[in-house]
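>>> Predicted model and sequence follow; I will ask about them next.
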Amino acid sequence: MDKTAPKQHFFRSISVQRENVTINRYFFRSKSVHFSAKAGIFLTFPEHIRPVDAPAVIKREKKAAFFRSKPVHSFGFFRILCIVKSLHYNTYMAGKIKDMSLIKQVLQLKQLGESNRGISRKLFINKETVNNYIKTVRLNGWTYEELLGKDDPGLDRMFHAGNPAYSDPRMDYFLSRLPYYKEQLGNPKLHVTRQLLYEEYKQACPGGYSKSQFYFHLKQNLVAQKDCTAVLTETYNPGEKLMVDFAGDKLGYVDAETGETVKVEVFVACMPYSDYTYVVCVPSQKTEDFIFAIRMCLEHLGGVPPILTPDNLKSAVISNDRHEPRLNKALEDMGNHYHFVVLPCDPKRPTQKAPVEDKVKTTYNRIYAKLRNRTFHSIIELNRAVWEQLSLFNKTRMQKRPYSREERFHAMEADRLNPLPASIYEMKYYAELQVQSNCFVELRHDKTTHFYSVPYMHVGKKALVIFTRSVVNIYVDGILAASHRRSHEYGHTYVKSHLASNCRAIMERSAAYYVAWASNVSPGCREYIAEVFNPERTNRPEEVYYKLCAAIISLSRKYERALIDKTCRQCLECRVFSYRKFEAILKRNSLQEPADEPAFRFDAPTPTNHENMRGSAYFG
C-alpha cells in the first residue's frame, strides 16, 4: 500500500501486501461502531472481540491506521471499525489451521537458512507459529526434503494429527458409565432417551461434558461397535444382466362369470444398463408362472442376456445359502435351454438388484396409478393395458439423459444379446416311478392319471420320468427307454414293441385280428369267424366272442384243417355260435367217415405159397 500524506490511512481487512508505516495502532471493524480519531473517545469492546494482549480501554492515538473490513458509508473520518493492537500481523486469525502451501513456504525458507523471525516477517504469520512448526519438525526427526515431497493431505496429516479425546480426565468417568448407557438404550421396553441419561450424568458429574459433547461421545462409542460398511456403486455392461422381481402390490380383474375380483401377480424385469423395463401379469408366483414370465420377457427383448438375477423366492431358489444357493431345478433347466446362468442376490438384503427394485416403484407410479380407475374382465385384457402404459414409459425421454430407455436399449444392448433358441422352452417335471409288471409306468400330475409303456425287459426297475406339457421321456439306468407324447386324459399310451409276446397277443385282440387268422386256416373258417363278429347278427360287444375265437385257434392245433373247415361250414349253416356246440360237432365229425371218401381198411396180405400153413401132416 502506498503511503498517504494525511495522518489517517484506510486499508482493507483482506490479505494485502504490507507496508512499513510508523503507527501505534491498527483500526479494523468487528462490529458496527462510529467514532472519531481526533476526538478523545474511550471505546470498550466485548471480550470475544479484543485480542488477548489488548487493553480493555483503548485511548485515542494521534496517529492511527483505519482498515475497512467491508463496504460502508463514510463521512469525514468516521468509520465502522474495531481496534486491535498488532504491529506486524494483520491477516490470519489465531487458532486457524494454516494452509499447507503456507507451511511448505515456511519449510522452504527454513531450508534456505532463513531465521524464524525473518520467516514470520516475510510470510505475515506469527513468530510463535513458525517456532511451533520448526519445533515439530525437529522433535519428529523429519527432513525438509521429506516434508516438501509430501502432497497437501499427507502433510496436513503429519502436522495436524489431532489430540485424542481419551486424554481428557472426564472421559474416564464417561467410559465407566458407558456399559450402563448401552444397556439402557438397547432395551426398547425401558423407553430411556439420551436426554434422560444426560440428566443423570450431570447429577452424578456436574463438571462433566456438556450436552453436545455427551451426545457426541455416546454416538461415537455406539458407532464404533459396527463394522465399517462401504457401499459399492455398481457399474453395468451393456446386455450383460437381466434383473427380475415381483411387485409387492397386486393388480386385479373382475371375473365376468362370478363378479369376483381376481388378484394377479405383477412380474417386473429390467436391463440395468439402459433401464429398459418389462412388466407382465401372471396368476401367481408359482414355478410355472415364474418360468412363463421369464420366457415372455426374453421373447420381448428378442435375445438372451448371459446373467439372470432373481430374488430368493421359492420358484427360483430352494435353499438361500449366501455362499452356495441351491437353485430350483426348473430354473436351472431353463438356463440350460436359453444358455444363461442364474446368480440370485443375497438373502435378506437384496442389494444386487437395486435397479429392478426402483423399477417396481416406477411401475406403481407409471402403470398402477394410470389404471386405478379402469375395470378389466380377464388377465389378457389387463396385460394389454399394462403393455400399453409400459410402451409409453420406455419411449419417454429420461430427465437427466437426452434419450429414452427404448432408444438406449436398441442402440447399446439389443445387438449384444445372445440369440433365442429355435424351440420354445417348456417347463420340465421329474418323477421316479417303477415299471409295473404290465410294462407300464403310472404317471399322476394335475389330478390326472395316465399310463405309458416301457420295454418289457425293464419290468420291476426304477425309471426316471422327465415330462413337459407335450412330451414324456422315460429313462432307465440313465438310458432313454421310451418317449411318448403327453396325454392329459386318463388312459394308456403304448408302443407294441414294448410289450411282451403274451401281453401283445392280448393287447392286439380284435375282430380284424381273428378274421385275418381264420383266413390262414380255410375259407370256411374265415366265413364263420366273420359272421361271428357281424354287427347285423348281434349287437353285443366284440370282446364277448374273443374267447370263442381263441378256442377255435386252440382246436386248430389238434385237428386237421379240413375237419375244422367242415365244422365251421356246418356251424355257419346251423347258426351255431357257441364254443360247446362247436366242439361237440367237431368231435362227432372226427368219429364219422366222410361219405365221399373211401373207407380206410387194414387188409392182411395173402400168401401165395402157403408156407405159413402147417397142413394135415403136421397133425398126423
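On my side now, so go ahead.
>>> List the contacts of Gln434.
Going by C-beta atoms under 8 Å, 6 or more residues apart in numbering, Gln434 touches Val441, Gly460, Lys461, Lys462, Ala463. Glycine gets a C-beta too; all of them are placed from N, C-alpha and C.
>>> Farthest pair within those?
Pairwise distances across the contacts of Gln434 (C-beta to C-beta) peak at 11.6 Å, for the pair Val441 and Gly460.
>>> So these two - more neighbours on which side?
For Val441 and Gly460, the more surrounded residue by other C-beta atoms under 10 Å is Val441, and the numbers stand at 24 against 8.
>>> Now do the contacts for Tyr198.
Tyr198 is in contact with Lys211, Phe214, Tyr215, counting by C-beta under 8 Å, 6+ apart.
>>> if I look at the nearest residue to Ile553 once chain neighbours are set aside, how far off is Cys549?
Excluding its sequence neighbours, the residue lying closest to Ile553 (C-beta to C-beta, 6 or more residues apart in numbering) is Trp517, at 6.5 Å. Per C-beta to C-beta, to the nearest Å, Trp517 is found 8 Å from Cys549.
>>> what residues are shared contacts of these two?
Counting by C-beta under 8 Å, 6+ apart, the residues touching both Trp517 and Cys549 are Ile529.
>>> any common contacting residues for Val441 and Gly460?
With C-beta under 8 Å, 6+ apart as the test, Val441 and Gly460 both reach Gln434, Val435.
>>> Listing request: residues of the stretch 301-450 of the chain with sub-threshold pLDDT.
By pLDDT under 70, the weakly predicted segments of the stretch 301-450 of the chain are 350.
>>> Also the chain?
For the chain (pLDDT under 70), the answer is 1-98, 161-167, 223-234, 350, 505, 507, 593-608, 610-612, 620.
>>> didn't Thr493 look like it was pressed against Glu442?
No - using C-beta atoms under 8 Å as the test, Thr493 is too far from Glu442 to be in contact (11.8 Å).
>>> what about the residue nearest to Ile553, distance to Ser501?
The spacing between Trp517 and Ser501, counted by C-beta to C-beta, is 15 Å.
>>> and the two? which has more neighbours close in?
Between Trp517 and Ser501, Trp517 has the larger neighbour count (other C-beta under 10 Å), namely 17 against 8.
>>> what about His492, neighbour count?
By the criterion of other C-beta under 10 Å, His492 has 12 neighbours.
>>> tell me the contacts of it?
Contacts of His492 (C-beta under 8 Å, 6+ apart): Phe440, His450, Phe451, Tyr452, Ser453.
>>> Are any of the residues you listed buried, and if so which?
Taking 16 or more other C-beta atoms under 10 Å as the criterion, what is buried in those is Phe440, His450, Phe451, Tyr452, Ser453.
>>> Send me the one helix or strand Thr362 maps to as CSV with only the CA atoms.
Using DSSP states H and E, the element containing Thr362 is helix 354-363. Provided in CSV are the C-alpha atoms of helix 354-363 (Å, rounded to 0.1, in the frame of the first residue of the first chain):
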residue,chain,number,x,y,z
ALA,A,354,-31.3,-52.2,-6.9
PRO,A,355,-32.4,-51.1,-10.5
VAL,A,356,-35.3,-53.5,-10.6
GLU,A,357,-36.4,-52.5,-7.1
ASP,A,358,-36.5,-48.9,-8.4
LYS,A,359,-38.5,-50.1,-11.4
VAL,A,360,-41.1,-51.6,-9.1
LYS,A,361,-41.6,-48.2,-7.6
THR,A,362,-41.8,-46.7,-11.1
THR,A,363,-44.4,-49.3,-12.1
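>>> All set now, cheers.
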